[in-house]
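Next come a sequence and a model predicted from it.
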Amino acid sequence: MSRDKASTMDADLQDTFGRPVPELYEAAVGTDALPTLVRALELRSFLALTEEQVARVRDHLHADMDPDRDMGDLSADRLRSDAQWLDAALKARDGYRAALGELLRTLPPPDQHARPVPAAQLRATARLPPSAAPAPTGAGAARARQP
C-alpha cells in the first residue's frame, strides 16, 4: 500500500477513523483490523498513486509548454497523447475519490465501528439420556388382546 504519498482524502480518513493515516496503516495490518479500514486504505493507496500520475502528466505538459522552450520541439501528436494520458488519469482519480467517499459516508460514526465478532460456539443445553440405559419395560411391546 502507498503509505508515503499523500492523497487529497487523507483528512477525510482521519476524521472518519479518528487517527492519522500512518496510524491507520499500522492498525490495518493486525489480525483484528476492521475490513472497512483495510478497504478504505486500499482505495486511498490507489488514489494516492493516481494523483501522483495526474501531477506527473501535468508537470510534463507544463514543461512542454514552457515559454522558454524551443517552438520547434512542440508536437501535436505528443500533446494529444499527453492529453489522453491526463484524461485517463483524471478519470481514475475521480473514480477512486468517489469510491472512497462513498465508503466513508456509509460507515457508522468512529465510536461505533464494530470489531469483528468471533463466531459463537454452540453448546447443547438439554441433557440426552445415556445410551447404555435400558429401555423402559413394555416399550415397543404389543398389548395382548383381551376377549
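Now that the structure is in, tell me what you want to look at.

Secondary structure class of residue 33, three-state.
Here residue 33 is recorded as coil under DSSP: H, G, I helix; E, B strand; the rest coil.

Correct me if wrong: it contacts residue 24.
No. In this structure, residue 33 is not within contact of residue 24 by C-beta atoms under 8 Å, at 9.6 Å. (C-beta placed from N, C-alpha, C; glycine too.)

the helices in this structure, which residues?
10-17, 21-28, 35-64, 76-106 (DSSP state H).

can you give me the end-to-end distance of stretch 10-28?
This stretch, stretch 10-28, spans 15 Å end to end (C-alpha to C-alpha, to the nearest Å).

Same question for stretch 7-26.
Using C-alpha to C-alpha, the gap from the first to the last residue of stretch 7-26 comes to 17 Å.

And for stretch 9-29?
One end of stretch 9-29 sits 20 Å from the other (C-alpha to C-alpha).

Report the rounded mean pLDDT for it.
Mean pLDDT, computed over stretch 9-29, is 94.

ok, the spatially most central residue of the chain - contacts?
The structure's the chain has its C-alpha centroid closest to residue 39; by C-alpha atoms, centre = their mean the separation is 0.9 Å. By C-beta atoms under 8 Å, 6 or more residues apart in numbering, the contact list for residue 39 reads residue 103.

what about it, distance to residue 60?
Distance, residue 39 to residue 60, using C-beta to C-beta, to the nearest Å: 32 Å.

same thing with residue 104?
Residue 104 is 31 Å from residue 60, by C-beta to C-beta.

Compare the two (neighbour count), which wins?
For residue 104 versus residue 60, the count of surrounding residues by other C-beta atoms under 10 Å is larger for residue 104: 18 against 14.

correct me, but that one touches residue 14?
No. Applying C-beta under 8 Å, one finds residue 104 not in contact with residue 14, separated by 10.7 Å.

Next one: residue 106 relative to residue 48, how far apart?
For residue 106 relative to residue 48 (C-beta to C-beta), the value is 21 Å.
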